[in-house]
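Novice: Next come a sequence and a model predicted from it.
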Amino acid sequence: MEMELSPKFPRTFFESEAGGYYNWSSADSSILSEAKVAAGKFVLKPQGSALPHYSDCSKIGYVLQGVCTVGLVSLNKKDKMSFVYLKKGDIIGSPQGSVSWWYNHGDSDFAIVFLAETSKAHLPGEITYFLLTGPIGYLSAFSPEFIAKTYRINQEQAQTLSGSQQDAMLIKLGEEQAKSIPLPHDQDALNKWTKNLDRSLPGVDVKKGGKSTTLTGGEFLLLEEIGLSANRLELEANAIRTPNYATDTQVFYVVKGSGKVQIFGLNGKLVLDTEVETDQLFVVPRFLMVSLLAGGEGMECFSVLTSARHDIGELAGKDSVLNTIPSFLQVVLNLTPEFTQVFKQMQETGTVIVPPMN
C-alpha cells in the first residue's frame, strides 16, 4: 500500500486586515482524510477578533506567539462562559461543538496552530467551522421571519440583527470598540481549558540533546474528554529522537528549526525519508515507526496523538521494547555474545533523545 506522507506547508484559506486562517487540506495530503486528522493555523493582528463560532471536531491548539483573550462556552448547560487569557506555550483544548470568540489585545501578532481528530467531522481530514454572526453566519442564513419569531422582535429589527455585521470570520476593532473588551481578571488563573506546555515539567531532559514534554488526559482532564494528548519535542543541534511507534495516529507540526524525518512502514521499507522545516506538517499513521534528526540549528515540534493516553512503543533506551527479551536478544539480532552485552549496556543507560556524538 502506497502512502503519501510528505511534509506540507499550509495554504491560505482566508485573510483580511484582522488576520488570517491557514489550513492543511486533505486535497493536498490524502493521509489527512485517511487517518481522520486535520490541522489549521490561525493568526490575529493586534485588535483583530474572530467572530463567535464552533467546529465539527475536537482539537488542541498550541500558541506559537503573542497573547489573546478567548471567550469559551461548552455544550454543558451547567458551565458558564469561561474567559481565558492565552500566551506563548499554552495549549487549549476545544471539544467539538464548543463555541468560542477570540480577541488579540496585545501589540503584536497572535498565532496558534490547531491539530484535530476528525472521525466524526463532516469531511474527515478537514476542520469545518460554523459561524454565528456575519454574512456566513446563521443569523444571515435563516429568514427574517424565523429570526423575528426566535428573538421576539419585528422583521425590520430582524433584518438589522442579521445584516449589520458585514465582515466574515475576522474583524478589526476600532479604538473605542477595543476598550469595551475586558481582560481576564487573573491572567494566570487555572481553568479547565488551558495548560502551559512550555512550562510543564519535561518527562525527558537530556544535556545537549533536548527535552520532551507530554500532557495526557491524566495531567489535563479536558484531554480525556476530547480523546487527545499533546507533546512538545525540543531537539538541540544534530540530536536525534529515537525510533518509536504508537497504536494511534501522530500529527507533527514543526514549530521552528529544521531536520530530517524517517518513517518505517510496511514490508520492511521506509515510507518517508526527507527534510522538514518550520511551518510544515506531517502525519505518522498508527503503528508506523518514526524518528527525527535535528539539523544544525536544532528543531522544535508540537504533536498530537489521537488518544488521551499517549502510549508510545520505544525502540531504544531503557524503556525500549527490545529490553523485554534480554535472553533472546542475541538470537534475534544474530550478534556475538560480546557485542550483545555492549548493546544491552547502551540500551540500559540510553534515553529516547540522544545528543550528537563527539
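Specialist: Happy to help now that I have it.
Novice: Beta-bridge partners for the closest residue to residue 54 other than its chain neighbours, please?
Specialist: Nearest in space to residue 54, with sequence neighbours left out and distances taken as C-beta to C-beta, 6 or more residues apart in numbering, is residue 99 at 4.8 Å. The way it works is simple: take the backbone N, C-alpha and C, and place the C-beta from them, glycine included. Beta-bridge partners of residue 99, counted by DSSP bridges, are residue 73.
Novice: I'd say residue 99 and residue 50 touch.
Specialist: No - using C-beta atoms under 8 Å, residue 99 makes no contact with residue 50, being 11.4 Å away.
Novice: and the two? which has more neighbours close in?
Specialist: Each of residue 99 and residue 50 has its neighbours counted (other C-beta atoms under 10 Å); residue 50 has more, 22 against 17.
Novice: For that one, give me its contacts.
Specialist: The contact partners of residue 50, by C-beta atoms under 8 Å, 6 or more residues apart in numbering, come to 19, 42, 44, 100, 101, 102, 103, 169, 170.
Novice: State the pair within those that is farthest apart.
Specialist: 19 and 100 (14.9 Å; C-beta to C-beta).
Novice: more crowded one of the two?
Specialist: residue 19 (24 against 21).
Novice: From residue 309, how far out is that one?
Specialist: Using C-beta to C-beta, to the nearest Å, we find residue 19 at a distance of 35 Å from residue 309.
Novice: With residue 150 instead?
Specialist: Distance, residue 150 to residue 309, using C-beta to C-beta: 43 Å.
Novice: Can you report how many residues neighbour residue 128?
Specialist: 13.
Novice: Check whether it really touches residue 55, as I assumed.
Specialist: Yes - if you go by C-beta under 8 Å, residue 128 and residue 55 touch, sitting 6.3 Å apart.
Novice: any idea how far the residue nearest to residue 54 is from residue 16?
Specialist: 21 Å.
Novice: Now do the contacts for residue 199.
Specialist: Neighbour list for residue 199: residue 89 [criterion: C-beta under 8 Å, 6+ apart].
Novice: and it, what pLDDT?
Specialist: Looking at residue 199, its pLDDT stands at 93.
Novice: my guess is it is in a strand, correct?
Specialist: No - under DSSP: H, G, I helix; E, B strand; the rest coil, residue 199 sits outside any strand and is assigned coil.
Novice: May I ask you to confirm that residue 4 belongs to a helix?
Specialist: No - counting by three-state DSSP, residue 4 is not part of a helix but coil.
Novice: That one touches residue 31, doesn't it?
Specialist: Yes - taking contacts as C-beta under 8 Å, residue 4 lies within contact range of residue 31: 6.1 Å.
Novice: Least confident secondary structure element in the chain?
Specialist: helix 326-333 (a mean of 83; mean pLDDT, DSSP states H and E).
Novice: Dump the C-alpha coordinates for the strand of greatest length in the chain into PDB.
Specialist: When the chain is parsed with DSSP state E, its longest strand is strand 289-305. Coordinates of the C-alpha atoms in strand 289-305 are reproduced here as PDB (Å, rounded to 0.1, in the frame of the first residue of the first chain):
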ATOM      1  CA  MET A 289       7.700   3.900  13.400                       C
ATOM      2  CA  VAL A 290       9.100   7.500  13.300                       C
ATOM      3  CA  SER A 291      12.500   9.100  14.100                       C
ATOM      4  CA  LEU A 292      13.500  12.700  13.900                       C
ATOM      5  CA  LEU A 293      17.000  14.100  13.500                       C
ATOM      6  CA  ALA A 294      17.600  17.800  14.100                       C
ATOM      7  CA  GLY A 295      19.700  20.000  11.800                       C
ATOM      8  CA  GLY A 296      22.500  22.300  12.700                       C
ATOM      9  CA  GLU A 297      20.100  24.900  14.400                       C
ATOM     10  CA  GLY A 298      18.000  22.400  16.300                       C
ATOM     11  CA  MET A 299      14.300  21.600  15.800                       C
ATOM     12  CA  GLU A 300      11.100  22.000  17.900                       C
ATOM     13  CA  CYS A 301       7.900  20.100  17.200                       C
ATOM     14  CA  PHE A 302       4.400  20.200  18.600                       C
ATOM     15  CA  SER A 303       2.500  16.900  18.100                       C
ATOM     16  CA  VAL A 304      -0.800  15.400  19.000                       C
ATOM     17  CA  LEU A 305      -1.700  11.700  19.400                       C
END
